[in-house]
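Asks: coordinates only, sequence not included:
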């Protein structure tokens, strides 16, 4: 089965073209998590192709937004970590989208890998 992933009617998205730069499956395999070049992280249903939620990742140190360069979902599916093209790493609670960690590194190069340890 192949789906074209799309946002539900009325969902606000940037008007510029969006390039998905990182994709992860959540632990249940039913949700696809996609980081994009327009500062959003989207949660999409694998079965329906519809957007479940989107995080606007501009909060904190990067008000303009910047491309997601890496992502990881915790083993229990409760946390999402993302690395960015300008040296920032962030962690959110998946359930409510609350940003719980935000660190700008001095080197300001891509954070190429983020992960959770058991």
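Replies: Okay, I see it. Quick caveat, the model's predicted, so the values are computed rather than measured.
Asks: now the strands for the protein?
Replies: With strands called from DSSP state E, the chain shows them at 20-25, 31-36, 40-45, 51-56, 68-73, 79-84, 88-93, 99-104.
Asks: Which among those is found nearest to residue 111?
Replies: Minimum separation from residue 111 across the strands of the chain (CB to CB) falls at strand 79-84, 2.7 Å. Bear in mind the C-beta positions are built from the backbone N, C-alpha and C, glycine included.
Asks: what packs against that closest one?
Replies: Identification of packing neighbours for strand 79-84 by 3 or more CB pairs under 8 Å, 6 or more residues apart in numbering; DSSP states H and E yields strand 68-73, strand 88-93.
Asks: need the strands of the chain in JSON lines with mean neighbour count, can you?
Replies: JSON lines is the format used below for the strands of the chain (neighbours: other CB atoms under 10 Å):
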{"stretch": "strand 20-25", "mean neighbour count": "16"}
{"stretch": "strand 31-36", "mean neighbour count": "21"}
{"stretch": "strand 40-45", "mean neighbour count": "20"}
{"stretch": "strand 51-56", "mean neighbour count": "16"}
{"stretch": "strand 68-73", "mean neighbour count": "21"}
{"stretch": "strand 79-84", "mean neighbour count": "22"}
{"stretch": "strand 88-93", "mean neighbour count": "19"}
{"stretch": "strand 99-104", "mean neighbour count": "12"}
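Asks: Distance of the closest residue to residue 107 other than its chain neighbours relative to residue 109?
Replies: For residue 107, ignoring the flanking residues on the chain, the nearest one in space by CB to CB, 6 or more residues apart in numbering is residue 87 at 5.5 Å. Counting by CB to CB, to the nearest Å, the gap from residue 87 to residue 109 is 6 Å.
Asks: Neighbour count: those two, which is higher?
Replies: residue 87 (19 against 11; other CB atoms under 10 Å).
Asks: ok, that one - contacts?
Replies: By CB atoms under 8 Å, 6 or more residues apart in numbering, the residues touching residue 87 are 104-111.
Asks: of those, buried ones?
Replies: residue 111 (16 or more other CB atoms under 10 Å).
Asks: Pipe the contacts of residue 87 into a markdown table and attach pLDDT and distance to residue 54 per row.
Replies: Formatted as a markdown table, these follow (pLDDT from 0 to 100; distance: CB to CB, whole Å):
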| residue | pLDDT | distance to residue 54 |
| --- | --- | --- |
| 104 | 83 | 23 |
| 105 | 77 | 25 |
| 106 | 73 | 30 |
| 107 | 72 | 29 |
| 108 | 72 | 26 |
| 109 | 78 | 26 |
| 110 | 81 | 22 |
| 111 | 84 | 21 |
